[in-house]
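# output the structure for:
(chains A and B)
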Amino acid sequence: AQSVTQPDIHITVSEGASLELRCNYSYGATPYLFWYVQSPGQGLQLLLKYFSGDTLVQGIKGFEAEFKRSQSSFNLRKPSVHWSDAAEYFCAVGARSGGSNYKLTFGKGTLLTVNP
Amino acid sequence: DTGVSQNPRHKITKRGQNVTFRCDPISEHNRLYWYRQTLGQGPEFLTYFQNEAQLEKSRLLSDRFSAERPKGSFSTLEIQRTEQGDSAMYLCASSSLVEGNTIYFGEGSWLTVV
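Sure, this is the predicted structure:
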């Protein structure tokens, strides 16, 4: 069965500093990979996704992620963090479920705190 | 396009009562998903529909849970005889093959069972 590990439960960075959130996945085939962000009490907003092709994907809000098959990783990065980036970040792997369908399996999330 | 809409956003109910949540997917999205999220955890898959057909159900979806999607439009998730362990946020999402199958989530419906 597929699984996602986000090793860091909580990360604190200063505003303007760079950010990297780690994500490792386990899946027996080529994965679909996603990063979502969730503000307190809110739903999930898609930051970026990887289906195939270029392993470095660009997302919204200045985020990017790199798929590394050899390391089973899909780490999220941002060169300069803004206070508004404070939220919880979820990595997810899409497991195929019949044809082109898939369902998402999420990690437990990484809570990002941004210090002024 | 107004996004995935969920109602009610918050529900407090007494143990043993039935509750129903409604989800309106993004217009013309033929796939609809339900997930559950408890505090400190990532969302967990419950079930999904393609049009009106319920194609997969998680083992998390006990007999007290039922989901429907009549006519392939909106969906309802009903929980019968609620238990305190049902307290969670219930997230609905939708996708369309035309849009590359990306799954978009709603704001969620919070359930508190007292």
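
# for the one helix or strand residue A:12 maps to, buried residues please.
Using DSSP states H and E, residue A:12 sits in strand A:10-14. If you call a residue buried by 16 or more other CB atoms under 10 Å in any protein chain shown, then strand A:10-14 has these buried ones: A:11, A:13. From N, CA and C alone the C-beta is placed, and that goes for glycine too.

# what is the spatially most central residue of chain B paired to in the beta sheet?
With distances taken as CA atoms, centre = their mean, residue B:34 lies nearest the centre of chain B, 3.4 Å away. Under DSSP bridges, the beta-bridge partners of residue B:34 are residue B:47, residue B:92.

# residue B:91 is in contact with that one, correct?
Yes. Applying CB atoms under 8 Å, one finds residue B:34 in contact with residue B:91, separated by 7.2 Å.

# still on that earlier bit, how close does the residue nearest to the centre of chain B get to residue B:80?
The spacing between residue B:34 and residue B:80, counted by CB to CB, to the nearest Å, is 15 Å.

# need the residues of chain A near chain B, please.
Within chain A, the positions lying close to chain B (CB under 8 Å from any CB of the partner chain) are A:4, A:34, A:36, A:41-46, A:49, A:51, A:90, A:92, A:94, A:97-98, A:100-109.

# and those, which of them are buried?
By 16+ other CB under 10 Å, the residues of chain A next to chain B give A:4, A:34, A:36, A:43-44, A:46, A:49, A:51, A:90, A:92, A:94, A:101-107, A:109 as buried.
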